[in-house]
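>>> build me a model from this:
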Amino acid sequence: MINLDRQRVVSSNIGSIGYDAISKILEVEFLTGAIYHYFGVPEQLYVQLMSASSHGTFLSQYIKDSYSYARIL
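Prediction:
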C-alpha cells in the first residue's frame, strides 16, 4: 500500500487528496472513510483537481470514468 501525503480539502464528499507523480497514482479519501487509488493520472490533472472550485464535480467529470481505480480501504 502506497502511503501518500494527502491534503485536506473543503468538499461535501471528499476529505483529502494525495498524489504521487512517479507512480501517477491519485489517492482520494472520501468522508465515508473509503480510500480509492486512481491509476495513470497525469500530474497536470491533479493540479487542476486541487484548484477546482468543486473537487467532487471535477473528480466525477474528468477522473472517475476515465482512469482505472481500486478501493484500498
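
>>> helix or strand for the most centrally placed residue in the chain, which one?
Nearest to the geometric centre of the chain sits Val28, at 3.7 Å (CA atoms, centre = their mean). Applying DSSP states H and E as the criterion places Val28 in strand 25-30.

>>> Ile17 too?
Ile17 belongs to strand 14-20, assigned by DSSP H and E.

>>> so what secondary structure elements neighbour that strand?
Strand 14-20 sits against strand 7-8, strand 25-30, helix 43-51, helix 55-62, with contacts defined as 3 or more CB pairs under 8 Å, 6 or more residues apart in numbering; DSSP states H and E. Backbone N, C-alpha and C define where each C-beta goes, glycine included.

>>> re the thing from before, mind listing the strands the strand holding Val28 pairs with, and their directions?
If you go by DSSP bridges, strand 25-30 pairs up with strand 14-20 (antiparallel), strand 35-39 (antiparallel).

>>> distance of Gln48 relative to Pro42?
Distance, Gln48 to Pro42, using CB to CB, to the nearest Å: 9 Å.

>>> so where's this protein uncertain?
1-3 (pLDDT under 70).

>>> what's the most buried one of the helices and strands packed on strand 14-20?
Highest mean neighbour count of those: strand 25-30, a mean of 22 (counted as mean count of other CB atoms under 10 Å).

>>> how far away from the center of its chain is that one?
Taking CA atoms, centre = their mean, to the nearest Å, one finds the center of strand 25-30 at 4 Å from the center of the full chain.
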